[in-house]
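J.: My questions are about this predicted structure, shown below with the sequence.
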Amino acid sequence: MRQVKRSKMPEDNATEVNVKAKSLNIKQIRYFAAVVELGSLSAAAKDQFVTVQAVSKAIADLEHELGHQLFVRESRGVRPTPFGTAFYQRALSVLRNFDDLEAFSASYEDVHQPGALRLALCVPPFVGHERACSSIAAFAKRGLGIDTSVVLDTGKGALSGLCSDEYDAFIVVGPFSHPEVDCIPVGTVSPGVQMIKSHPLADRDAVSLEDLQSYPASFSTNFETFNEALMALYRKRNLPVPSTVIDSTDTLIRHYLINQGVCFIVHVPALGEMFPGTAIKPLVAADTIAIPICLVSLKSRKTPAYRAFEHWLATQLALMAGATASQN
């Protein structure tokens, strides 16, 4: 709706207005201000894109509510009464505030409402990773009510995508340190060791770091933060850190079949067999550690979708922590 220009009027000499109205509405105030500024009901009606009858009724209703006459009718139009002038002075601030409120509401809807949430999951490719990404996306969409996409990426690739606004955030296993990002722990996972099902250790319920000294252990190049956490564990135990890295499926197959090697990976039984013909064994309790799952976002840009996700995730974690505490 087009607004008429309203000149500022001094308020120093304005008389106190005793408003007795119980059901004033902003439309009445707009029509009233237009009549004061344009000097006639017909000019105000044209300016406000309504009929003269609509303006006349609004003024009459307003006078009834206020208990005061607002205008003196003259041959060439109308002029405000002393009460009408005083009421107009106060109506200006009401209209300005209401206009600001409408502008805020419109801009908030455009800028601050969450759009689609774009996440990257930084883990090595595995059988069923598409299903895992879809499950995470569905979980977030169900909780937030906004479209969510999750794709697999490396830590370096995800950081690049975050900086180029390809992602709103990414998920890593292990702390992620960079001066331009915030890294928030959202859960933990335990490490496991993947091996072929015919491996000498495959019949054990769990394996120790000492057990692994007899076999070449490896890390995946796509699991940087997870690897760092495990290397810290090796150093703490004063054991030689595995030097073998896996950078392709062919390398992994040779490592398993020819060298009877093993590869460190997260131990999440729900994910099932993450590579054909292999099994994943957890580390024994004495050697295992809780590695944080972290949500990483840029310090300089946090989209409305990301903020909504972070708040919702924190709420879910608090609820789960409360449920666990009540069971213990």
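T.: Great, that's in hand. Numbering: from 1, shown residues only.
J.: pLDDT below threshold where in the protein?
T.: The chain contains residues with pLDDT under 70 at 1-22, 105-114, 317-328.
J.: Domains of it: list them as residue ranges, please.
T.: 26-111, 117-187+293-327, 191-282 (automatic domain parsing).
J.: need the ones you listed in a markdown table with mean neighbour count, can you?
T.: In short, each C-beta sits where N, CA and C put it, glycine included. Shown next, in a markdown table, are the domains of the chain (neighbours: other CB atoms under 10 Å):
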| stretch | mean neighbour count |
| --- | --- |
| domain 26-111 | 16 |
| domain 117-187+293-327 | 17 |
| domain 191-282 | 17 |
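J.: Just grab the bridge partners of the closest residue in space to residue 134 that isn't next to it in sequence for me.
T.: Leaving aside its chain neighbours, residue 134 sits nearest to residue 150 (7.4 Å; criterion: CB to CB, 6 or more residues apart in numbering). Under DSSP bridges, the beta-bridge partners of residue 150 are residue 119.
J.: Next one: residue 150 from residue 241, what distance?
T.: For residue 150, the distance to residue 241 equals 31 Å [CB to CB, to the nearest Å].
J.: what's the answer for residue 62, then?
T.: Per CB to CB, residue 62 is found 82 Å from residue 241.
J.: just the helices in the chain please.
T.: Counting by DSSP state H, the chain has helices at residues 26-38, 41-48, 52-66, 82-111, 129-144, 155-163, 209-212, 224-236, 249-257, 304-327.
J.: Out of those, flag the one nearest residue 72.
T.: The closest of the helices of the chain to residue 72 is helix 82-111. By CB to CB, the value is 8.4 Å.
J.: helices or strands up against the closest one?
T.: helix 26-38 (3 or more CB pairs under 8 Å, 6 or more residues apart in numbering; DSSP states H and E).
J.: just the angle between the helix it packs on and helix 52-66, please?
T.: 110 degrees (axes from the mean of the first three to the mean of the last three CA atoms, to 10 degrees).
J.: and helix 26-38, how far from the chain's centre?
T.: 42 Å (CA atoms, centre = their mean, to the nearest Å).
J.: who's sitting farthest from the centroid in the chain?
T.: residue 75 (61.5 Å; CA atoms, centre = their mean).
J.: Find the nearest non-adjacent residue to residue 290, please.
T.: Per CB to CB, 6+ apart, closest to residue 290 is residue 188, 4.0 Å.
J.: Counting neighbours, what do you get for that neighbour?
T.: If you count neighbours by other CB atoms under 10 Å, residue 188 ends up with 11.
J.: Enumerate the beta-bridge partners assigned to it.
T.: residue 292.
J.: The one 5 residues further on now?
T.: In this structure, residue 193 bridges to residue 264, residue 281 when assessed by DSSP bridges.
J.: Am I right that it is in contact with residue 217?
T.: Yes - in this structure, residue 193 is within contact of residue 217 by CB atoms under 8 Å, at 7.4 Å.
J.: Quick check: neighbours shared by those two?
T.: Each of 262-264 lies in contact with both residue 193 and residue 217 under the rule CB atoms under 8 Å, 6 or more residues apart in numbering.
J.: Just put those in JSON lines and tack on distance to residue 136.
T.: JSON lines is the format used below for the shared contacts of residue 193 and residue 217 (distance: CB to CB, whole Å):
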{"residue": "262", "distance to residue 136": "27"}
{"residue": "263", "distance to residue 136": "23"}
{"residue": "264", "distance to residue 136": "22"}
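J.: Pick the one among those residues closest to residue 246.
T.: Out of those, the member with the shortest distance to residue 246 (by CB to CB) is residue 263, at 5.9 Å.
J.: contacting residues for that closest one?
T.: 193-195, 217-220, 246, 252, 255-256 are the contacts of residue 263 under CB under 8 Å, 6+ apart.
J.: Show me which of those residues is closest to residue 228.
T.: residue 219 (9.4 Å).
J.: Just grab the bridge partners of that closest one for me.
T.: residue 245.
J.: Now residue 189. Nearest residue, chain neighbours left out?
T.: Closest residue in space to residue 189, ignoring its immediate chain neighbours: residue 266 at 4.9 Å, by CB to CB, 6+ apart.
J.: The one you found against residue 194, yeah?
T.: No - judged on CB under 8 Å, residue 266 makes no contact with residue 194 at a distance of 9.7 Å.
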